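Q: Need a 3D model of the following:
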Amino acid sequence: MTGNASDADDLVQETFVRAIEKPPRDTREPLRPWLIRVAVNLSRDVLRKRKRQGYAGPWLPSPIPTDEESPASYEPPAPNEHSPAARYELMESVSFAFLLALEALTPSQRAVLLLRDVFDYSTAETAEALDLTEPNVKVLLLRARRKMNDYDKRRVELKASTQEATRRALEQFLLCLSERDAAGIERLLAEDVVSMSDGGGEVTAARQTVRGRDRVLRLILGLAAKSLVEPRSAIRSLNGLPAIVVEDVYRSSKLASRYTIHFDLDQDGRIRGLHTVLAPSKLSAVKF
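A: Next up, the predicted model:
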(Lines give C-alpha, C1' and ligand atoms only; values in the text may rest on other atoms or scores of the structure.)
Protein backbone atom coordinates (compact mmCIF):
# COMPACT_ATOMS: atom_id res chain seq x y z
CA MET A 1 0.00 0.00 0.00
CA THR A 2 2.73 2.52 0.87
CA GLY A 3 5.68 1.38 -1.23
CA ASN A 4 7.83 2.20 1.80
CA ALA A 5 9.17 -0.55 4.07
CA SER A 6 9.64 1.77 7.06
CA ASP A 7 6.11 3.17 6.77
CA ALA A 8 4.72 -0.37 6.45
CA ASP A 9 6.48 -1.47 9.65
CA ASP A 10 5.08 1.54 11.52
CA LEU A 11 1.56 0.93 10.22
CA VAL A 12 1.57 -2.74 11.22
CA GLN A 13 2.63 -1.77 14.74
CA GLU A 14 0.00 0.97 14.92
CA THR A 15 -2.68 -1.48 13.75
CA PHE A 16 -1.93 -3.91 16.57
CA VAL A 17 -1.66 -1.10 19.12
CA ARG A 18 -5.20 -0.10 18.18
CA ALA A 19 -6.32 -3.72 18.43
CA ILE A 20 -5.02 -3.81 22.00
CA GLU A 21 -6.17 -0.35 23.13
CA LYS A 22 -9.44 -0.05 21.19
CA PRO A 23 -10.52 -3.51 20.03
CA PRO A 24 -13.76 -4.04 18.08
CA ARG A 25 -16.91 -4.29 20.19
CA ASP A 26 -17.71 -7.87 19.29
CA THR A 27 -14.56 -9.85 20.09
CA ARG A 28 -16.31 -13.09 19.15
CA GLU A 29 -16.09 -12.14 15.47
CA PRO A 30 -12.89 -12.93 13.52
CA LEU A 31 -10.36 -10.16 14.08
CA ARG A 32 -8.77 -10.37 10.63
CA PRO A 33 -11.29 -8.22 8.66
CA TRP A 34 -11.10 -5.53 11.35
CA LEU A 35 -7.28 -5.55 11.27
CA ILE A 36 -7.26 -5.26 7.47
CA ARG A 37 -9.70 -2.34 7.58
CA VAL A 38 -7.56 -0.48 10.15
CA ALA A 39 -4.29 -1.17 8.31
CA VAL A 40 -5.64 -0.11 4.91
CA ASN A 41 -7.25 3.05 6.30
CA LEU A 42 -4.00 4.00 8.04
CA SER A 43 -2.16 3.36 4.76
CA ARG A 44 -4.58 5.57 2.85
CA ASP A 45 -3.94 8.34 5.38
CA VAL A 46 -0.18 8.02 4.83
CA LEU A 47 -0.61 8.20 1.04
CA ARG A 48 -2.87 11.27 1.26
CA LYS A 49 -0.36 13.01 3.53
CA ARG A 50 2.51 12.20 1.17
CA LYS A 51 0.65 13.59 -1.84
CA ARG A 52 -0.42 16.67 0.13
CA GLN A 53 3.07 17.48 1.40
CA GLY A 54 4.84 16.74 -1.86
CA TYR A 55 8.20 15.02 -2.23
CA ALA A 56 11.74 16.26 -2.84
CA GLY A 57 12.50 15.01 -6.34
CA PRO A 58 11.39 11.70 -7.90
CA TRP A 59 9.76 9.15 -5.59
CA LEU A 60 10.93 5.54 -5.71
CA PRO A 61 9.79 2.50 -3.70
CA SER A 62 11.81 1.10 -0.81
CA PRO A 63 14.17 -1.75 -1.72
CA ILE A 64 13.19 -4.95 0.11
CA PRO A 65 15.15 -8.24 0.09
CA THR A 66 13.60 -11.12 -1.85
CA ASP A 67 16.58 -13.50 -1.80
CA GLU A 68 15.06 -16.34 0.18
CA GLU A 69 11.37 -16.49 -0.62
CA SER A 70 8.33 -14.59 -1.79
CA PRO A 71 6.87 -12.08 0.68
CA ALA A 72 4.90 -14.07 3.24
CA SER A 73 1.14 -13.84 3.04
CA TYR A 74 -1.93 -15.78 3.98
CA GLU A 75 -5.08 -14.68 2.24
CA PRO A 76 -8.50 -16.35 1.94
CA PRO A 77 -9.40 -17.40 -1.62
CA ALA A 78 -12.24 -15.48 -3.25
CA PRO A 79 -15.34 -17.37 -4.42
CA ASN A 80 -14.83 -18.63 -7.97
CA GLU A 81 -17.68 -16.65 -9.49
CA HIS A 82 -16.21 -13.37 -8.23
CA SER A 83 -12.50 -14.14 -8.49
CA PRO A 84 -10.29 -12.01 -10.78
CA ALA A 85 -7.83 -14.93 -10.69
CA ALA A 86 -5.13 -12.70 -9.19
CA ARG A 87 -3.99 -10.61 -12.15
CA TYR A 88 -0.67 -9.90 -10.44
CA GLU A 89 1.53 -12.32 -8.52
CA LEU A 90 2.60 -11.47 -4.99
CA MET A 91 6.26 -11.06 -5.97
CA GLU A 92 5.31 -8.82 -8.90
CA SER A 93 3.32 -6.62 -6.51
CA VAL A 94 6.54 -5.54 -4.73
CA SER A 95 8.51 -4.91 -7.94
CA PHE A 96 9.73 -1.41 -8.75
CA ALA A 97 7.73 -1.24 -11.98
CA PHE A 98 4.47 -2.25 -10.26
CA LEU A 99 4.88 0.04 -7.24
CA LEU A 100 5.74 2.99 -9.49
CA ALA A 101 2.61 2.32 -11.55
CA LEU A 102 0.49 2.32 -8.37
CA GLU A 103 1.54 5.91 -7.68
CA ALA A 104 -0.87 7.04 -10.42
CA LEU A 105 -3.83 5.69 -8.41
CA THR A 106 -5.78 7.37 -5.66
CA PRO A 107 -5.35 5.77 -2.20
CA SER A 108 -8.78 4.10 -2.46
CA GLN A 109 -8.15 2.85 -6.01
CA ARG A 110 -4.84 1.46 -4.84
CA ALA A 111 -6.45 -0.40 -1.93
CA VAL A 112 -9.17 -1.90 -4.14
CA LEU A 113 -6.72 -2.97 -6.85
CA LEU A 114 -4.43 -4.69 -4.35
CA LEU A 115 -7.22 -6.57 -2.60
CA ARG A 116 -8.95 -7.61 -5.82
CA ASP A 117 -6.10 -8.14 -8.28
CA VAL A 118 -3.20 -9.17 -6.00
CA PHE A 119 -4.81 -10.86 -2.99
CA ASP A 120 -7.74 -12.21 -5.00
CA TYR A 121 -10.52 -10.89 -2.73
CA SER A 122 -14.06 -11.00 -4.06
CA THR A 123 -16.01 -7.77 -4.55
CA ALA A 124 -17.98 -8.50 -1.36
CA GLU A 125 -14.84 -9.19 0.70
CA THR A 126 -13.20 -6.01 -0.61
CA ALA A 127 -16.26 -3.92 0.19
CA GLU A 128 -16.34 -5.30 3.73
CA ALA A 129 -12.61 -4.75 4.29
CA LEU A 130 -12.73 -1.13 3.07
CA ASP A 131 -16.18 -0.25 4.43
CA LEU A 132 -17.45 0.53 0.91
CA THR A 133 -20.47 -0.53 -1.09
CA GLU A 134 -19.99 -3.19 -3.76
CA PRO A 135 -20.92 -0.75 -6.59
CA ASN A 136 -18.24 1.65 -5.29
CA VAL A 137 -15.67 -1.14 -5.28
CA LYS A 138 -16.51 -2.01 -8.90
CA VAL A 139 -16.17 1.62 -10.03
CA LEU A 140 -12.87 2.10 -8.18
CA LEU A 141 -11.48 -1.12 -9.65
CA LEU A 142 -12.49 -0.16 -13.19
CA ARG A 143 -10.75 3.22 -12.87
CA ALA A 144 -7.67 1.67 -11.27
CA ARG A 145 -7.32 -0.92 -14.05
CA ARG A 146 -7.58 1.80 -16.69
CA LYS A 147 -4.72 3.70 -15.03
CA MET A 148 -2.65 0.50 -14.99
CA ASN A 149 -3.01 0.06 -18.78
CA ASP A 150 0.46 1.38 -19.63
CA TYR A 151 2.02 -0.87 -17.02
CA ASP A 152 0.11 -3.88 -18.33
CA LYS A 153 1.35 -3.22 -21.90
CA ARG A 154 5.01 -3.05 -20.79
CA ARG A 155 4.69 -5.70 -18.10
CA VAL A 156 7.61 -8.13 -17.80
CA GLU A 157 7.24 -11.47 -16.03
CA LEU A 158 9.71 -12.04 -13.21
CA LYS A 159 10.77 -15.41 -14.60
CA ALA A 160 14.19 -17.07 -14.57
CA SER A 161 15.23 -15.60 -17.94
CA THR A 162 14.38 -12.08 -16.74
CA GLN A 163 16.39 -12.64 -13.57
CA GLU A 164 19.39 -13.89 -15.52
CA ALA A 165 19.28 -11.08 -18.10
CA THR A 166 19.09 -8.49 -15.33
CA ARG A 167 22.01 -10.06 -13.46
CA ARG A 168 24.14 -10.09 -16.63
CA ALA A 169 23.37 -6.42 -17.27
CA LEU A 170 24.28 -5.52 -13.69
CA GLU A 171 27.57 -7.42 -13.85
CA GLN A 172 28.50 -5.83 -17.18
CA PHE A 173 27.57 -2.40 -15.85
CA LEU A 174 29.80 -2.81 -12.78
CA LEU A 175 32.68 -4.05 -14.93
CA CYS A 176 32.41 -1.12 -17.34
CA LEU A 177 32.08 1.32 -14.46
CA SER A 178 35.20 0.02 -12.69
CA GLU A 179 37.17 0.35 -15.96
CA ARG A 180 35.61 3.75 -16.76
CA ASP A 181 34.54 2.22 -20.07
CA ALA A 182 32.15 4.90 -21.36
CA ALA A 183 31.56 3.11 -24.67
CA GLY A 184 30.69 -0.10 -22.85
CA ILE A 185 28.18 1.65 -20.60
CA GLU A 186 26.68 3.42 -23.62
CA ARG A 187 26.08 0.08 -25.32
CA LEU A 188 24.14 -1.12 -22.26
CA LEU A 189 21.76 1.84 -22.34
CA ALA A 190 18.60 2.01 -24.45
CA GLU A 191 18.27 5.14 -26.53
CA ASP A 192 15.24 6.28 -24.52
CA VAL A 193 16.66 5.26 -21.11
CA VAL A 194 15.25 7.06 -18.06
CA SER A 195 17.17 7.61 -14.82
CA MET A 196 15.44 8.42 -11.52
CA SER A 197 17.24 9.10 -8.24
CA ASP A 198 15.48 9.25 -4.86
CA GLY A 199 17.34 11.15 -2.15
CA GLY A 200 14.15 12.02 -0.29
CA GLY A 201 15.58 15.45 0.57
CA GLU A 202 18.01 13.65 2.93
CA VAL A 203 21.06 13.42 0.65
CA THR A 204 22.11 14.95 -2.66
CA ALA A 205 20.28 13.48 -5.66
CA ALA A 206 19.07 14.59 -9.08
CA ARG A 207 15.79 16.46 -8.52
CA GLN A 208 14.55 15.81 -12.04
CA THR A 209 14.18 12.63 -14.08
CA VAL A 210 17.06 12.35 -16.58
CA ARG A 211 16.05 11.11 -20.04
CA GLY A 212 18.04 9.93 -23.04
CA ARG A 213 21.21 7.88 -23.50
CA ASP A 214 23.66 10.79 -23.74
CA ARG A 215 22.39 12.61 -20.66
CA VAL A 216 22.17 9.44 -18.54
CA LEU A 217 25.69 8.42 -19.59
CA ARG A 218 27.07 11.83 -18.56
CA LEU A 219 25.27 11.51 -15.23
CA ILE A 220 26.72 8.04 -14.53
CA LEU A 221 30.28 9.04 -15.42
CA GLY A 222 30.01 12.29 -13.47
CA LEU A 223 28.86 10.52 -10.31
CA ALA A 224 31.54 7.84 -10.66
CA ALA A 225 34.22 10.54 -10.83
CA LYS A 226 33.18 11.83 -7.39
CA SER A 227 34.18 8.60 -5.64
CA LEU A 228 37.59 8.91 -4.01
CA VAL A 229 38.10 5.14 -4.08
CA GLU A 230 36.27 2.25 -5.71
CA PRO A 231 33.14 1.63 -3.58
CA ARG A 232 32.12 -1.80 -2.37
CA SER A 233 29.28 -3.32 -4.37
CA ALA A 234 27.28 -6.53 -4.32
CA ILE A 235 24.37 -7.95 -6.29
CA ARG A 236 21.32 -8.85 -4.22
CA SER A 237 17.74 -9.85 -5.02
CA LEU A 238 15.61 -6.80 -4.22
CA ASN A 239 11.92 -6.36 -5.08
CA GLY A 240 11.93 -9.55 -7.12
CA LEU A 241 14.96 -8.83 -9.34
CA PRO A 242 18.75 -8.65 -8.98
CA ALA A 243 19.96 -5.18 -8.00
CA ILE A 244 23.20 -3.54 -6.89
CA VAL A 245 23.87 -2.55 -3.28
CA VAL A 246 26.71 -0.02 -2.98
CA GLU A 247 28.69 1.22 0.03
CA ASP A 248 30.90 4.26 -0.52
CA VAL A 249 32.03 5.29 2.97
CA TYR A 250 34.52 7.86 1.68
CA ARG A 251 31.88 10.16 0.24
CA SER A 252 31.13 13.54 1.81
CA SER A 253 28.29 13.84 4.34
CA LYS A 254 25.97 15.38 1.73
CA LEU A 255 26.32 12.40 -0.58
CA ALA A 256 24.80 8.97 0.09
CA SER A 257 27.35 6.52 1.47
CA ARG A 258 24.99 3.62 0.80
CA TYR A 259 22.48 3.15 -2.01
CA THR A 260 20.85 0.64 -4.35
CA ILE A 261 20.67 0.58 -8.16
CA HIS A 262 17.83 -1.17 -9.99
CA PHE A 263 17.51 -1.90 -13.73
CA ASP A 264 14.45 -2.20 -15.94
CA LEU A 265 15.43 -3.87 -19.22
CA ASP A 266 13.76 -3.63 -22.61
CA GLN A 267 13.12 -6.59 -24.94
CA ASP A 268 16.67 -6.35 -26.31
CA GLY A 269 18.21 -6.56 -22.85
CA ARG A 270 19.21 -2.89 -22.76
CA ILE A 271 18.61 -0.66 -19.75
CA ARG A 272 15.46 1.42 -20.27
CA GLY A 273 15.04 2.33 -16.60
CA LEU A 274 17.79 3.05 -14.07
CA HIS A 275 16.49 3.65 -10.55
CA THR A 276 18.79 4.69 -7.70
CA VAL A 277 17.54 4.79 -4.10
CA LEU A 278 19.80 6.98 -1.97
CA ALA A 279 17.51 8.13 0.87
CA PRO A 280 18.85 6.48 4.07
CA SER A 281 15.33 6.19 5.53
CA LYS A 282 14.32 3.95 2.62
CA LEU A 283 17.19 1.51 3.06
CA SER A 284 16.27 0.16 6.50
CA ALA A 285 15.46 -3.31 5.15
CA VAL A 286 18.63 -3.68 3.05
CA LYS A 287 21.84 -5.24 4.35
CA PHE A 288 25.11 -5.22 2.44
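Q: quick one: the closest residue to Gly57 other than its chain neighbours and Val94, what's the gap?
A: Excluding the flanking residues, the one nearest Gly57 by CB to CB, 6 or more residues apart in numbering is Arg207, at 4.2 Å. (C-beta placed from N, C-alpha, C; glycine too.) For Arg207, the distance to Val94 (CB to CB, to the nearest Å) stands at 26 Å.
Q: Between these two, point out the one with more neighbours.
A: Ranked by neighbour count (other CB atoms under 10 Å), Arg207 and Val94 place Val94 first, with 23 against 11.
Q: what sits against the more buried one?
A: Val94 makes contacts with 61, 64, 66, 71, 239-240, as judged by CB atoms under 8 Å, 6 or more residues apart in numbering.
Q: Same check on Ile64?
A: 5, 71, 94, 238-239, 285-286.
Q: Report the buried members of the residues you listed.
A: 5, 94, 238-239, 286 (16 or more other CB atoms under 10 Å).
Q: secondary structure class for the residue nearest to Gly57?
A: Secondary structure for Arg207, judged by DSSP: H, G, I helix; E, B strand; the rest coil, is coil.
Q: any idea how far Pro107 is from Thr166?
A: Between Thr166 and Pro107 the computed distance is 31 Å (CB to CB).
Q: higher neighbour count, those two?
A: Shown here are Thr166 and Pro107; by other CB under 10 Å, Thr166 has more neighbours (24 against 20).
Q: buried residues in the host helix or strand of the more buried one?
A: According to DSSP states H and E, Thr166 maps onto helix 160-178. Within helix 160-178, the residues that count as buried by 16+ other CB under 10 Å are 165-167, 169-170, 172-174, 176-177.
Q: Likewise for stretch 209-222?
A: Buried, per 16+ other CB under 10 Å, within stretch 209-222: 210, 213, 216-217, 219-220.
Q: Mind checking the pLDDT average for stretch 157-164?
A: What stretch 157-164 shows for mean pLDDT is 91.
Q: next one: stretch 255-264
A: 91.
Q: Now tell me what touches that stretch from outside.
A: 63, 96-97, 156, 166, 169-170, 173, 199, 203-205, 226, 238-239, 241, 243-249, 251, 271-280, 283, 286, 288.
Q: Buried ones among those?
A: For the contacts of stretch 255-264, a burial check counting by 16+ other CB under 10 Å picks out 63, 96-97, 156, 166, 169-170, 173, 199, 203-205, 238-239, 241, 243-246, 248, 251, 271-279, 283, 286.
Q: the helices in the protein, which residues?
A: 5-21, 32-53, 96-102, 107-113, 123-130, 134-147, 149-154, 160-178, 182-188, 213-225 (DSSP state H).
Q: Now do the second one: which elements does it pack against?
A: Counting contacts by 3 or more CB pairs under 8 Å, 6 or more residues apart in numbering; DSSP states H and E, helix 32-53 packs against helix 5-21, helix 107-113, helix 123-130.
Q: got the buried residues for that helix?
A: Those would be 34-44, 46-47, 50, for helix 32-53 by 16+ other CB under 10 Å.
Q: hmm, who's touching the helix holding Thr166?
A: Residues outside helix 160-178 that contact it (CB under 8 Å, 6+ apart): 156, 181, 184-185, 188, 220, 224, 230, 233, 235, 241-244, 261, 263, 265, 269-271.
Q: Which ones among the residues you listed map onto strands?
A: The strands, defined by DSSP state E, take in 233, 235, 241-244, 261, 263, 265, 271 from those.
Q: and the residues you listed as CSV, adding distance to Leu140?
A: Converted to CSV, these look like this (distance: CB to CB, whole Å):
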residue, distance to Leu140
Ser233, 42
Ile235, 39
Leu241, 29
Pro242, 35
Ala243, 32
Ile244, 37
Ile261, 35
Phe263, 33
Leu265, 32
Ile271, 35
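Q: out of those residues, who's nearest Leu142?
A: Leu241 (29.8 Å; CB to CB).
Q: Is it correct that that closest one is in contact with Phe98?
A: No: the pair Leu241 / Phe98 is not scored as a contact, 11.3 Å apart, by CB atoms under 8 Å.
Q: Give the residues shared as contacts by those two.
A: By CB under 8 Å, 6+ apart, no residue touches both Leu241 and Phe98.
Q: tell me which residues of stretch 143-160 are tucked away?
A: Within stretch 143-160, the residues that count as buried by 16+ other CB under 10 Å are 143-145, 147-148, 155-156, 158.
Q: what's the span of that stretch from first residue to last?
A: End-to-end distance for stretch 143-160, by CA to CA, to the nearest Å: 32 Å.
Q: Thanks again, I'm all set now.
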